[in-house]
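Participant: Fold the stuff below for me.
(chains A and B)
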Amino acid sequence: MSVVTVQLGQCGNQVGQELFDVICSDAEEGQKKTYSAGSFERFFHQNAHGDLVARAVLIDMEPKVINQSMTKAAKSGKWRYGEASHFSQSQGSGNNWANGYCVHGPRNRDVVEELVRREVECCDRLAGLMAMMSVAGGTGSGVGTYITQCLRDLHPKSFILNHLTWPYRTGEVIVQNYNSVLTLAHLYQLSDAILVHENDTVHKICSQLLNIKQISFSDVNKVIAHQLGSVLQPAFTADSHGVYSRNPLGELVSALACHPEYKLLSVCTIPQMPSSSIAYSTFSWPGLLKHMRQMLISNSKMEEGKFCSERTRSLTGFGFNRSLANLLILRGKDVYCAETGGFEDPDLYTSWLSSEESFTLWKSPVLFNKYEKSVTLVSNSQALLRPLDNMVRSAWNMFASRAYVHQYTKFGISEEDFLDSFTSLEQVISSYNQLC
Amino acid sequence: MTQSVVVQVGQCGNQVGFRFWDLALREHTHVNKKGLYDEALSSFFRNVDSRNSDGRACGVGGRIQNLKARAVLVDMEEGVVNQILQGPLRDVFDSTQLLTDVSGSGNNWAVGHMTYGSAYQEQIVDKLRKAAEHCDCLQCFFLIHSMGGGTGSGLGTRVLSLLEEEFPEVCRIVTSIYPSAEDDVITSPYNSVLAMRELTEHADCVLPVENQSLVDIVNKIKHMSHGGKPGISIKRDSTIISGQGGLSGAEKPFDAMNNIVANLLLNITSSARFEGSLNMDLNEIAMNLVPFPHLHYLVPSLTPLYTLSDVSVPTRRLDQMFSDAFSKNHQLIRADPKHSLYMACALMVRGHVQVSDLRRNIERLRPTLPFVSWNQEGWKTSLCSVPPVGHSHSLLALANNTCVKPTFMELRERFTKLYRKKAHLHHYLHVEGMEQSWFSEAITSLSSLIEEYNHLDATKGKLMPDAPRLSIAR
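Facilitator: Numbers count the residues shown, from 1 in each chain, chains lettered A, B, ... in the order given. Alright, predicted model coming up:
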């Protein structure tokens, strides 16, 4: 089954391009034919010349980034974007969610729907749609929200996954908290699950694990793509009986998003290291899994080497990260020997769901992206509670003085709309807070 | 890709504009090696085939034929515009873009705003419409004018309200040159305060630039380049006052100062013209930096002012660039942002600078800069990969900061001094359409603007508690 990706705005188009790059090169190197074939079927189709063409639609309100992404893809020599599967306008949304949602979105609805429809028709079977965007700017967040709404109307029964990039806490867009609040509140009603990467966390991975001195956006996007790729590439599920699972989005959603109040998924992958060191490093499954479990419990999204020992940290104590559901994905050598009992501990989870329902395991014996062994955890837990709370608090403080609100009302978003969004996110925060 | 139109009004506006076009051409010549008319060029220039008698523009992608500036030049005397037309840049403009008169406005805002404003309204609108029609997607008008004289301040602000009427959707960014305290125009406080009201009500953003600051910066650079310290030499075309490599030959007296303003405009538009890993469109400026409609005065600062000629660029020097952007000496008005209150701040970086450099410096500088309580993280950043000519990197900071207040208060004081004695008032009241109420309303508008800044200043240094959150009923 196939996934149609919709890349929106500068961030969505940059991350999307890196994602297809990772997926394509990983699938090419994979020794197993079934793995490559499964991956290609998911994300690419072949054109008349036999080139791999990404099942993607590129949307931005200004042309520069789309041109860049298309050129980069064509230059890779392995895959490309469809010649006619992109749409751009000449003027951006100006960091204004309202401008994207109320003006650009409706104005370009027909064109975008047509592009998505054509891409969907190329699929033998549609597994679902994935919309990639940032929440900070105007196009990704505003147009992205509007387009997600259109996709929901067009495909009421398909899985829709939103991949969101959360901005640095300081210094990208000043109205980013407003844009984020409006986006998240709306997507929560539309999307089946919301997969989140925080720029701050990924930036830390780049500097501390990958030892990159001058970190560029391309480095950040590569890490996001790596983690996302390890979630989306084919794997065996518990009941797939040696056949690669067919529907990554459906499996993901059913494993993790079991309650409409809880849709925020965080991702982390270990190990991550400079590519030059990979050849000199060995890993053991018990070591990696122990590490990952510590990261889950203490809610650190990066392996830092030093954790307090299990005994000193009680499972109910302060800072403990309670989960609703976890999906563990193991890829690499000797994957069948890995012992994952530590993740089935009922103490990790909420009491109203049994741990068999809370924990899902996927495995694949194929090495992922050159790593001999690799562990990825997708978690529906309290992990995103604090950044979400910060986001809402900052936006609410700004809203209390009504700063910048006139920029939104200009395009037809009223103060009541803001209040509605705040209310629904406070509801989400309170739900995650009460997870126990 | 979007386009912008530059509207230059009055003597000062046209002189600055002239330097802008020269340096813009120099920059594009530097970047554009193939001689093709590309998207970046199209934002400020049309490509016209002179063989076609109808003067139709050629599309993007073809060879450069004849570049025409997307500009409208307005002056009520002929001197400066004629100079431009006799100079090396004459081909960049054609007569349909020009509007001149012979008699000048006599340093009288009312003559510019009322008399000429009414007489030339239709012609001005006509020329603006023509310029707009040449654009696929017109995003922004850049108005350049001075505050002290008659034409720039009077007619300039009239043009501003015409722009608002005719093109309500298009962003209006105004570069206003404020007079020095010891200005030779005696009526400049009147003109400036009358113009201020128009700017407060009709502009999206105003970039105030003070004459005195430009003089100071020029002196500083000259001092450095004439052997300020032994062993230091400055690359020839790297100072922001240099016109080296441009078309115009000998430098005229104000060129050095005007080049600074021209560089300001080049840098502010760089991220919209060239590519980069974090773009900033022109409509994002007002969106991010203007929290309340009237508080749209953004203090600019440019760094580095010059580049030393040794090649290596240590991190230290890059960090110095960020520090300098907040120092008193680099602001284009006489103001001290560090000791006032920030509402928002944009950092627009050009050249080989990564997001990690940006983050490191924001983290480093943040503790020393006071931000308003509801916008503690009020940073907007952009990275454009094309550096300015002669530099490896550069930074333009735009600060929405209460440090503009002293400038406005000084202006009010000078206005009141004249107005109390009703000095020179009759020159204004003679003009048809001008009434004394314009003066009282203008000064009220300025006072309430100052009051708004006072309100914000009052919150400075106080620990503001978080606004009580909405609570969810269980």
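
Participant: Can you give me the pLDDT of residue A:179?
Facilitator: According to the prediction, residue A:179 has pLDDT 96.

Participant: ignore the last one, residue A:292
Facilitator: So, for residue A:292, pLDDT stands at 92.

Participant: if I look at it, how far off is chain B?
Facilitator: Distance of residue A:292 to chain B, given as Cβ to the nearest Cβ, to the nearest Å: 27 Å. (C-beta placed from N, C-alpha, C; glycine too.)

Participant: which helices and strands does whatever helix or strand residue B:118 lives in pack with?
Facilitator: According to DSSP states H and E, residue B:118 maps onto helix B:117-133. Using 3 or more Cβ pairs under 8 Å, 6 or more residues apart in numbering or on different chains; DSSP states H and E, the elements in contact with helix B:117-133 are strand B:3-9, strand B:71-75, strand B:98-100, helix B:156-166.

Participant: Pairing partners for the shortest one, with directions?
Facilitator: Right, the one you point to is strand B:98-100. In the sheet, strand B:98-100 lines up against strand B:71-75 (parallel) (DSSP bridges).

Participant: Helix B:156-166 and the strand it pairs with, what's the angle between them?
Facilitator: 140 degrees (axes from the mean of the first three to the mean of the last three Cα atoms, to 10 degrees).

Participant: just the angle between strand B:71-75 and helix B:117-133, please?
Facilitator: 170 degrees.

Participant: any idea how far residue B:101 is from residue B:78?
Facilitator: Counting by Cβ to Cβ, to the nearest Å, the separation of residue B:78 from residue B:101 is 8 Å.

Participant: Indicate whether stretch A:62-72 makes contact with chain B.
Facilitator: Yes: applying Cβ under 8 Å from any Cβ of the partner chain, one finds stretch A:62-72 in contact with chain B at A:62, A:63, A:64, A:65, A:68.

Participant: count of residues packed around the second one?
Facilitator: Right, residue A:63. Residues near residue A:63, counting by other Cβ atoms under 10 Å in any protein chain shown, number 18.

Participant: Which elements pack onto the lowest-mean-pLDDT helix or strand in chain A?
Facilitator: The element with the least model confidence among the helices and strands of chain A, by mean pLDDT, DSSP states H and E, is helix A:355-358, at a mean of 83. On a contact count with 3+ Cβ pairs under 8 Å, 6+ apart, helix A:355-358 meets strand A:323-332.

Participant: any idea of the mean pLDDT in the strand it packs on?
Facilitator: Taken as a whole, strand A:323-332 has an average pLDDT of 93.

Participant: what do you get for stretch B:179-194?
Facilitator: 88.

Participant: And stretch A:213-232, by the same measure?
Facilitator: Mean per-residue pLDDT for stretch A:213-232: 93.

Participant: Next: stretch A:142-151.
Facilitator: For stretch A:142-151, the mean pLDDT works out to 96.

Participant: ok, back up a step: among the residues of stretch A:62-72 next to chain B, which two are most distant?
Facilitator: Longest distance between any two of those is 11.3 Å, between A:62 and A:68; criterion Cβ to Cβ.

Participant: returning to what we had before: and the helices and strands packed on helix B:117-133 as a markdown table, adding mean pLDDT and mean neighbour count?
Facilitator: Conversion of these to a markdown table gives the following (pLDDT from 0 to 100; neighbours: other Cβ atoms under 10 Å in any protein chain shown):
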| stretch | mean pLDDT | mean neighbour count |
| --- | --- | --- |
| strand B:3-9 | 95 | 26 |
| strand B:71-75 | 95 | 26 |
| strand B:98-100 | 93 | 19 |
| helix B:156-166 | 96 | 22 |
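
Participant: Need the ones you listed in CSV (columns: distance to residue B:317).
Facilitator: Listed next are the helices and strands packed on helix B:117-133 as CSV, based on distance: least, Cβ to Cβ, whole Å:
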stretch, distance to residue B:317
strand B:3-9, 32
strand B:71-75, 36
strand B:98-100, 44
helix B:156-166, 39
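
Participant: Out of these, which gets nearest to residue B:136?
Facilitator: strand B:3-9 (6.8 Å).

Participant: Remind me what the closest one packs against, helices and strands.
Facilitator: Using 3+ Cβ pairs under 8 Å, 6+ apart, the elements in contact with strand B:3-9 are helix B:10-31, strand B:71-75, helix B:117-133, strand B:138-146, helix B:156-166, helix B:255-273.

Participant: Apart from its chain neighbours, what residue comes closest to residue B:300?
Facilitator: residue B:332 (4.8 Å; Cβ to Cβ, 6 or more residues apart in numbering or on different chains).

Participant: which one of the helices and strands packed on strand B:3-9 lies closest to residue B:419?
Facilitator: Of all those, helix B:156-166 comes closest under Cβ to Cβ, at 18.9 Å.

Participant: which element follows that closest one toward the C-terminus?
Facilitator: Toward the C-terminus, helix B:156-166 is succeeded by strand B:171-178 as the next helix or strand (DSSP H and E).

Participant: got the angle for that following strand vs helix B:10-31?
Facilitator: On the basis of the same axes, to 10 degrees, strand B:171-178 is oriented at 120 degrees to helix B:10-31.

Participant: how about strand B:171-178, does it get close to chain A?
Facilitator: No: contact of strand B:171-178 with chain A is not found when judged by Cβ under 8 Å from any Cβ; the minimum separation is 8.6 Å.

Participant: what's the next helix or strand along the chain from that strand packed up against?
Facilitator: The C-terminal neighbour of strand B:171-178 among helices and strands, as given by DSSP H and E, is helix B:188-202. Helices and strands touching helix B:188-202, by 3+ Cβ pairs under 8 Å, 6+ apart, are helix B:109-110, helix B:156-166, strand B:171-178, helix B:405-420, helix B:436-458.

Participant: so which of those is the most packed in?
Facilitator: Comparing these by mean neighbour count (mean count of other Cβ atoms under 10 Å in any protein chain shown), helix B:109-110 comes out on top with a mean of 31.

Participant: Run the chain-centre distance for that helix.
Facilitator: Between the centre of helix B:109-110 and the centre of its chain there are 22 Å (Cα atoms, centre = their mean, to the nearest Å).

Participant: just to revisit the earlier point, alpha carbons of the least confident helix or strand of chain A, as PDB, please.
Facilitator: Extracted C-alpha coordinates of helix A:355-358, given in PDB (Å, rounded to 0.1, in the frame of the first residue of the first chain):
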ATOM      1  CA  SER A 355       0.100  -3.300  28.600                       C
ATOM      2  CA  GLU A 356      -0.600  -5.700  25.700                       C
ATOM      3  CA  GLU A 357      -2.700  -2.900  24.200                       C
ATOM      4  CA  SER A 358      -0.200  -0.200  25.100                       C
END
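
Participant: tell me which residues of it are tucked away?
Facilitator: Within helix A:355-358, the residues that count as buried by 16 or more other Cβ atoms under 10 Å in any protein chain shown are A:355, A:358.

Participant: Repeat that for stretch A:188-197.
Facilitator: Judged by neighbour count using 16+ other Cβ under 10 Å, the buried positions of stretch A:188-197 are A:188, A:190, A:191, A:192, A:193, A:194, A:195, A:196, A:197.
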